[in-house]
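Visitor: Return a 3D structure for these sequence lines:
(one chain, ligands or ions: 1)
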Amino acid sequence: MNTFFIEFRDPLFGIIIFFALIFVITFFSYWLSRFKKKEDYRHLDRFLRQFNTLPSQSELKVLITKGELSEKSWLLLAHSYTKNGNFEKSIEIYNELLKVGNKANYRDTMFLLGKTYFKAGFLERARQIFLEILKNNPRTPQALNYLLLVYEHMKDYNSALDVLEPLEELKKDTKTDSAYLKSMLLLNNLEMSTEMKVNALLEIYKGSNQLTYLVFEYIFRVNPKLAWENFDISKAELLVDILWNIDKKDLNFDIIKQNSYLRELYTAKGYIKEADKSSTFELDVLINLKKSVNATLSFEYICDNCKQISPFAFNRCSACHSIDTSRVELGLAKDYHKDFSEENNSFQ
Ligand SMILES: [Zn+2]
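Guide: This is a model prediction of the structure:
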């Protein structure tokens, strides 16, 4: 029995204790290093999480009131929130700054708050802010311009037209805005007949010589015959997308044959054979391909003022708010409509 026990004076006992100690120390140091590594990750996670979660309204309030960051830093932060589309946070910052910030910047912060409300689509709040600015500082053209935009988005065109008066007093050119708002007022009038609208729009067009797209997009839609009679064919390129999509029965070939661009356009479309080449690349390709390839024109719209590109036609640029600066850019695309009609025909 005693053979199974090792006496503590036995040298073997010392060796076993020695190895046991090494094992315990190694185990602890390994466990400690793992634990430390895990803690490091957790710390890093906690640190990075700060940037993913935004400060709450009460946290912001405390941070701004403490005054550790300058007002300019807060304004820059709010601006970057607005740029990223986080309007809620920038509105909170502006509102807190208005409560505790420097009174010298009060009007500027109010203006930025109004702009953010407008961008976020809170039109009524934006209106109140701009009216508040104008109550104390009536000669603020920036606030007047935004108030005009707010009314326009609210479809309150009469109030928008009223804003033009103080802008004129400040020597601002309001001719285009006036023609545009009057046209929008007409188009949104539910009591006027189509015929009256067309005549009134033509009056505005002849008076301003602007808004070709806005006016003729409507007239080509409701009365193509009258549109062809009044359309200045030298401006055909401005309306190329509308002209391209007009039904063949609504085309006036007597007028089309008088203009080289229109001849090329409708030859490319395949309605006539009056051109064998074009200086416009896309039309030239379509004329030369004839109908052998399933291709058509595609359109996108670029603002001449700020170069913003939009897939949809616009009369007022959503980025720089200028009117009548849209230019159509041509492209070539697969004709899905033709594909679809051919598929349908194959079932007949
Ligand atoms: Zn623009």
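Visitor: residues near Leu289, how many?
Guide: 13 (other CB atoms under 10 Å). Backbone N, C-alpha and C define where each C-beta goes, glycine included.
Visitor: Ramachandran coordinates for the closest residue to it other than its chain neighbours?
Guide: Of all residues not flanking Leu289 in the chain, Ala295 sits nearest, at 6.3 Å (CB to CB, 6 or more residues apart in numbering). Here is the backbone geometry of Ala295 (degrees, to the nearest 10): phi -130, psi 150.
Visitor: I'd like the numbering to begin with 44 instead of 1 from here.
Guide: Happy to do that; since the first residue is 44 now, the last one works out to Ala338.
Visitor: my guess is Ala338 meets Val328, correct?
Guide: Yes. Counting by CB atoms under 8 Å, Val328 is a contact partner of Ala338 at 7.5 Å.
Visitor: what touches both of those two?
Guide: Counting by CB atoms under 8 Å, 6 or more residues apart in numbering, the common neighbours of Ala338 and Val328 are Leu375.
Visitor: for the chain, what helix or strand is lowest in average pLDDT?
Guide: When the helices and strands of the chain are compared on mean pLDDT, DSSP states H and E, helix 379-389 comes out lowest with a mean of 62.
Visitor: tell me which parts of this structure are close to the ion?
Guide: Residues of the chain that fall close to the ion, judged by CB under 5 Å from the ion: Cys346, Asn348, Cys349, Gln351, Cys360, Ala362, Cys363.
Visitor: How about the contacts made by the residue nearest to Leu332?
Guide: Val328, Leu329, Leu332, Leu375, Ala376, Lys377, Asp378.
Visitor: looking at this, the first one is in a helix?
Guide: Yes. Checked against DSSP: H, G, I helix; E, B strand; the rest coil, Val328 lies within a helix.
Visitor: which SS state does the closest residue to it other than its chain neighbours fall under?
Guide: Spatial nearest neighbour of Val328, excluding adjacent residues (CB to CB, 6+ apart): Leu375 at 6.3 Å. Here Leu375 is recorded as strand under three-state DSSP.
Visitor: What of Ala318?
Guide: On the basis of three-state DSSP, Ala318 is classed as coil.
Visitor: Give me the distance between Met153 and Asn145.
Guide: Using CB to CB, to the nearest Å, Met153 is found at 13 Å from Asn145.
Visitor: Kindly report the same for Ile262.
Guide: Counting by CB to CB - Ile262 and Asn145 are separated by 54 Å.
Visitor: more neighbours, the two?
Guide: In this view Ile262 and Asn145 are compared by other CB under 10 Å, and Ile262 has more residues nearby, 24 against 12.
Visitor: and the more buried one, what does it touch?
Guide: Val241, Leu244, Leu245, Leu269, Ala270, Asn273.
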